[in-house]
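Asker: pasting the sequence and the predicted coordinates here, then a few questions.
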Amino acid sequence: MSFLNHLFGKKEKKIPEVKERDILSIEVGDIVSYDLEDYQVVGKLIYEDHGFEWIAYQLQSPAKTLWLSAEMDDELYAGIYEKIKLKLQEPFPKKLEHDGISYHLDESGVARVRGEGRGKNVNNIQCKYYDYCDDEEEQFLSIEVWGSEVEVSYGYEIEEYEIKIIASK
């Protein structure tokens with residue numbers, strides 16, 4: 001602090017501390033880099049089913065929208081999902097075909113959802129979910145039923161080191 005500033009009582013501006021992020025603490029507004037592209041986190045959905053939680057982050061770039069899924073079970077699982085057009089209606093079969101790949105129903109249930117950012121419009125709503133995987137458990141189809149709307153996404157597992165997170169605050 002200079003002598004004049006000290007004399008006249010000017011205070012130094014405090015620079016806000018940037019918090020370190022990991023895949024389970026990403027916030028709306030952060031930037032996520034994946035596969036040589038930067039995405040802004042524009043939405044966050046936290047699903048809860050019988051005490052078990054998982055998170056989906058809506059990632060937006062000028063070119064496309066992706067979803068980054070993260071859950072901590074015995075270990076951390078992360079995946080990248082993109083919405084696809086697949087005409088389905090309830091009841092869903094135990095086996096699905098998409099792009100020449102067979103998927104079998106892995107788990108399903110009903111989750112209560114908390115939303116932030118663009119996801120705030122589904123805050124405190126229930127969603128039915130159906131998760132399918134291929135035989136090698138490397139590719140996934142995720143079906144979510146929001147009232148009468150059915151959304152289908154294709155996804156695959158990634159490692160946490162494949163993404164970089166830049167905190168917005």
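Answerer: Looks like it arrived, so ask away. Numbers count the residues shown, from 1 in each chain.

Asker: all contacts plus neighbour counts: C-alpha atoms, from now on.
Answerer: Will do.

Asker: next, the buried residues of stretch 140-151.
Answerer: Neighbour-count burial for stretch 140-151, counted by 16 or more other C-alpha atoms under 10 Å, picks out 140-145, 150-151.

Asker: do stretch 42-53 as well
Answerer: Judged by neighbour count (16+ other C-alpha under 10 Å), stretch 42-53 contains these buried residues: 42-48, 53.

Asker: quick one: it to chain centroid distance?
Answerer: 9 Å (C-alpha atoms, centre = their mean, to the nearest Å).

Asker: that older thread, okay, the buried residues of stretch 140-151 in CSV with distance to residue 117 and pLDDT next?
Answerer: Formatted as CSV, the buried residues of stretch 140-151 follow (distance: C-alpha to C-alpha, whole Å; pLDDT from 0 to 100):
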residue, distance to residue 117, pLDDT
140, 26, 98
141, 24, 98
142, 22, 98
143, 22, 98
144, 19, 97
145, 20, 97
150, 21, 96
151, 19, 96
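
Asker: what about these, which are in strands?
Answerer: 140-145, 150-151 (DSSP state E).
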